[in-house]
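1. pasting the sequence and the predicted model now:
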Amino acid sequence: NAGVMQNPRHLVRRRGQEARLRCSPMKGHSHVYWYRQLPEEGLKFMVYLQKENIIDESGMPKERFSAEFPKEGPSILRIQQVVRGDSAAYFCASSPLDRNNSPLHFGNGTRLTVT
Amino acid sequence: AQSVTQLGSHVSVSEGALVLLRCNYSSSVPPYLFWYVQYPNQGLQLLLKYTSAATLVKGINGFEAEFKKSETSFHLTKPSAHMSDAAEYFCAVSDGGAQKLVFGQGTRLTINP
């Protein structure tokens, strides 16, 4: 039973390029969350999605960042025109139920480096 | 808004000694509280969770945490540290609906032989 799968594990982009991060939730999970971890900091919520719907994007930067979770395929976090400040670890998590006590299952993250 | 404060960004203990990682939270509603562990270059793994049942929560790898409402605390303990416990530990509170977690800054635990 595969866990949450994220790819790539490491991604290097030059300033101005686009970054696409992929996340396949655990089997049977229909809720996906994206978190960002800046160096020496805790994780910060970015966005919560269900299939074909963005439920809560209150943690997403207003520009350049977007996320989707299509009916088929993985969830995608897209960062356009990356800047050095986007360098961070991006974690995806999934859960089966929309309840407060349903724990999140995290992937191993994508470490984005912007040069 | 809910928040979490972890006291001590780095904690160092000797192998076999007591581990105590501190977490205080603020919440206007009964909270759901979690401890996660992160090993280098890996994702977060759930250690334990508090969901308004027993105030003493037992987790994996011999860890436990006690919810103290009067102190707004949820400290993580382990009676005897093992070298494999070296990692970063995050306390988190559920911020309203679903699993929009608010994380603390993390505490890096080092185990000395």
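-> That came through, no problem.

2. look up how far A:N108 lies from B:R22.
-> Plainly put, B:R22 is 27 Å away from A:N108 if you go by Cβ to Cβ, to the nearest Å. Every C-beta, even on glycine, is put in place using the N, C-alpha and C of the backbone.

3. got it, and B:F67?
-> As judged by Cβ to Cβ, B:F67 and A:N108 stand 29 Å apart.

4. where in chain B is pLDDT low?
-> For chain B, applying pLDDT under 70 flags the ranges B:95-98.

5. near chain A, which residues of chain B?
-> With the criterion set to Cβ under 8 Å from any Cβ of the partner chain, chain B comes near chain A through B:32, B:34, B:36, B:41-46, B:49, B:51, B:90, B:94-95, B:97-106.

6. if we go to 6 Å?
-> B:32, B:42-44, B:46, B:49, B:51, B:90, B:94, B:98-100, B:103-106 (Cβ under 6 Å from any Cβ of the partner chain).

7. of the residues you listed, which belong to strands?
-> Among the residues of chain B next to chain A, DSSP state E puts B:L44, B:L46, B:K49, B:F90, B:S94, B:F103 in strands.

8. closest to A:Q81 out of the residues you listed?
-> Checking these against A:Q81 with Cβ to Cβ, the nearest one is B:F103 at 27.5 Å.

9. what's across from that closest one in the sheet?
-> Each beta-bridge partner of B:F103 is listed here: B:A92, as defined by DSSP bridges.

10. if we can go back for a sec, list only buried entries from the residues of chain B next to chain A.
-> Of the members of these, the ones counted as buried by neighbours, 16 or more other Cβ atoms under 10 Å in any protein chain shown, are B:32, B:43-44, B:46, B:49, B:51, B:90, B:94, B:98-100, B:103-106.

11. name every strand pairing with the helix or strand of chain A with the lowest mean pLDDT and say which way it goes.
-> Taking mean pLDDT, DSSP states H and E as the measure, the helix or strand of chain A with the lowest value is strand A:105-106, at a mean of 90. In the sheet containing strand A:105-106, its partner strands are strand A:88-95 (antiparallel), by DSSP bridges.

12. chain B versus A:L38, what's the distance?
-> The span separating A:L38 from chain B equals 11 Å under the rule Cβ to the nearest Cβ, to the nearest Å.

13. run a quick neighbour tally on the nearest residue to that residue once chain neighbours are set aside.
-> Excluding the flanking residues, the one nearest A:L38 by Cβ to Cβ, 6 or more residues apart in numbering or on different chains is A:A88, at 4.9 Å. Neighbours of A:A88 under the rule other Cβ atoms under 10 Å in any protein chain shown: 20.

14. which residues are in contact with A:A88?
-> Residues in contact with A:A88 (Cβ atoms under 6 Å, 6 or more residues apart in numbering or on different chains) are A:R36, A:Q37, A:L38.

15. tell me the spacing between it and A:L11.
-> Computed with Cβ to Cβ, the distance linking A:A88 and A:L11 is 11 Å.

16. name the element the most centrally placed residue in chain B belongs to?
-> The C-alpha lying nearest the average C-alpha coordinate of chain B belongs to B:W35 (Cα atoms, centre = their mean; 3.6 Å). Secondary-structure element containing B:W35, defined by DSSP states H and E: strand B:33-38.
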